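In: predicted structure and sequence below. I'll ask about it afterward.
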Amino acid sequence: MSELKEKKGHSFLDFAYQMYKSMKTNEINLVYEGEVTQEITKTFTSLTERSLAKTEESNMVQRKVFHVMVECLQNISKHADSLEGEEEKRGIVMVSHGKESYNIITGNVIRNEKIPALKESLEKVNSLEKEDLSALYKKQMREGRISEKGGAGLGLIDIAKKTGSKLDYQFKELNDDVSFFILTSTVKRK
Amino acid sequence: MEVINIKGTEDTPNVILDKENGKFEISGRSLPEDVNMFFEPIMDWIDEYSEDPLDKTVFDFKLEYFNTASSKVILDILLKFEEIVEDGKEVVVKWHYHEDEEDMLEAGEEYADIVEIPFEYIVLED
């Protein structure tokens, strides 16, 4: 059993490393794999905020990176599913930057039966331009309710609206029950 | 009426609701894990206030950051004040933002689109 667990932990790291390699032209600012809680969210966002404040980056870009990180991390802490034998909400988080943009990459386990609905939301958001995203955001704010998990169903719309970039996502099937969901959000540097 | 004066933290805002002194203000950051828990006493206070509001309420929003769950709750707060407007009292929202933070201005404009309350936009000086 412990060997099995180790193997599964390992595949996370392999996956993260592959992504790291595929992003070798970018500078990685932060990599994390583990439990994602509100405390972790606060720690990472303030870390990133402080390190960005030391750079020449405009306030607007700093604010957008901070914003996207909060939404992505809170998505994990609210929605992530677990591998067998785990109870925590775990995920990976990476922040990298190149000449053109910052990438905020998050990944977490998701139950396969939840994928179609998530995919539909992602595709819907990606099909809309800025004005329509704003209209959808307003509609969802008016008609939505704060769920038991504390979400308002606004995070993905907001990320697309604030970044002006399409949501880049992948699902990697791990077994019959669960997959790994990777979301890459891009904040353009101006 | 009882005064609400909540000191902000790194993930919750400063909130002042003081009918006697006519001071209504939310400032700082709002990204709590559980927005309902944080805002519940504030909502209850506003419900009570709306039963006998001042002739003119000026509400200052000086938020530097809020997450999407908070954005929904902020709309709920504004909708409560819209009812006060419907009851014939005056309400003005002063929406403060830093000049280089277009997203915050935009957020204010989105609320102004939804609720029937006049908004004034005020640039915050550092």
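Out: That came through fine.
In: spell out which parts of chain B neighbour chain A.
Out: In this structure, chain B approaches chain A at residues B:10-11, B:31-36, B:65, B:67-69, B:71-73, B:75, B:98, B:100-103, B:106, B:110, B:113-114, judged by C-beta under 8 Å from any C-beta of the partner chain. Glycine gets a C-beta too; all of them are placed from N, C-alpha and C.
In: is stretch A:124-137 in proximity to chain B?
Out: Yes: using C-beta under 8 Å from any C-beta, stretch A:124-137 comes into contact with chain B via A:134, A:137.
In: pull out the buried residues from that stretch.
Out: Neighbour-count burial for stretch A:124-137, counted by 16 or more other C-beta atoms under 10 Å in any protein chain shown, picks out A:125, A:128, A:133, A:134, A:136, A:137.
In: where do the strands sit along the chain?
Out: Chain wasn't specified; assuming chain A. A:27-35, A:90-97, A:101-111, A:168-173, A:178-188 (DSSP state E).
In: to clarify, I was referring to chain B.
Out: Using DSSP E, strands in chain B cover B:4-6, B:14-18, B:23-30, B:56-66, B:90-98, B:119-124.
In: turn the strands of chain A into JSON lines, including mean pLDDT, mean neighbour count and distance to residue B:45.
Out: Shown next, in JSON lines, are the strands of chain A (pLDDT from 0 to 100; neighbours: other C-beta atoms under 10 Å in any protein chain shown; distance: least, C-beta to C-beta, whole Å):
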{"stretch": "strand A:27-35", "mean pLDDT": "84", "mean neighbour count": "15", "distance to residue B:45": "35"}
{"stretch": "strand A:90-97", "mean pLDDT": "90", "mean neighbour count": "23", "distance to residue B:45": "36"}
{"stretch": "strand A:101-111", "mean pLDDT": "94", "mean neighbour count": "22", "distance to residue B:45": "36"}
{"stretch": "strand A:168-173", "mean pLDDT": "96", "mean neighbour count": "13", "distance to residue B:45": "41"}
{"stretch": "strand A:178-188", "mean pLDDT": "96", "mean neighbour count": "21", "distance to residue B:45": "36"}
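In: want to throw those into a markdown table with distance to residue B:44?
Out: Below are the strands of chain A laid out as a markdown table (distance: least, C-beta to C-beta, whole Å):
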| stretch | distance to residue B:44 |
| --- | --- |
| strand A:27-35 | 34 |
| strand A:90-97 | 35 |
| strand A:101-111 | 35 |
| strand A:168-173 | 40 |
| strand A:178-188 | 36 |
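In: among the ones you listed, which comes closest to chain B?
Out: Chain B lies closest to strand A:178-188 among the strands of chain A, at 11.5 Å (C-beta to the nearest C-beta).
In: walk me through which strands the closest one pairs with, and which way each runs.
Out: strand A:101-111 (antiparallel), strand A:168-173 (antiparallel) (DSSP bridges).
In: point out where the chain drops to low pLDDT.
Out: I went with chain A, as the question did not name one. Residues of chain A meeting the criterion pLDDT under 70: A:1-9, A:19-20, A:22-26.
In: wait, chain B
Out: For chain B (pLDDT under 70), the answer is B:126.
In: coming back round to it: export the strands paired with strand A:178-188 to a markdown table and tack on distance to residue B:22?
Out: As requested, those are exported to a markdown table (distance: least, C-beta to C-beta, whole Å):
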| stretch | distance to residue B:22 |
| --- | --- |
| strand A:101-111 | 42 |
| strand A:168-173 | 48 |
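In: residue B:61 - how many residues pack around it?
Out: 24 (other C-beta atoms under 10 Å in any protein chain shown).
In: next, count neighbours for the closest residue to it other than its chain neighbours.
Out: Nearest non-adjacent residue to residue B:61, counting by C-beta to C-beta, 6 or more residues apart in numbering or on different chains: residue B:95, 5.2 Å away. Counted with other C-beta under 10 Å, residues neighbouring residue B:95 total 20.
In: over to residue B:20?
Out: Residue B:20: 8 neighbours (other C-beta under 10 Å).
In: how close does it get to residue B:49?
Out: Per C-beta to C-beta, to the nearest Å, residue B:20 is found 11 Å from residue B:49.
In: which residues are in contact with each of these two?
Out: residue B:1 (C-beta atoms under 8 Å, 6 or more residues apart in numbering or on different chains).
In: enumerate every residue touching the residue lying closest to residue B:32 once chain neighbours are set aside.
Out: Using C-beta to C-beta, 6+ apart and skipping residues adjacent in sequence, the residue nearest residue B:32 is residue B:38, 4.6 Å away. Applying C-beta under 8 Å, 6+ apart, we find residue B:38 in contact with B:12, B:30, B:32.
In: name the member of those with the most neighbours.
Out: residue B:30 (25 neighbours).
In: I'd assumed residue B:64 was in contact with that one.
Out: No: assessed by C-beta atoms under 8 Å, residue B:30 is found out of contact with residue B:64, at 9.4 Å.
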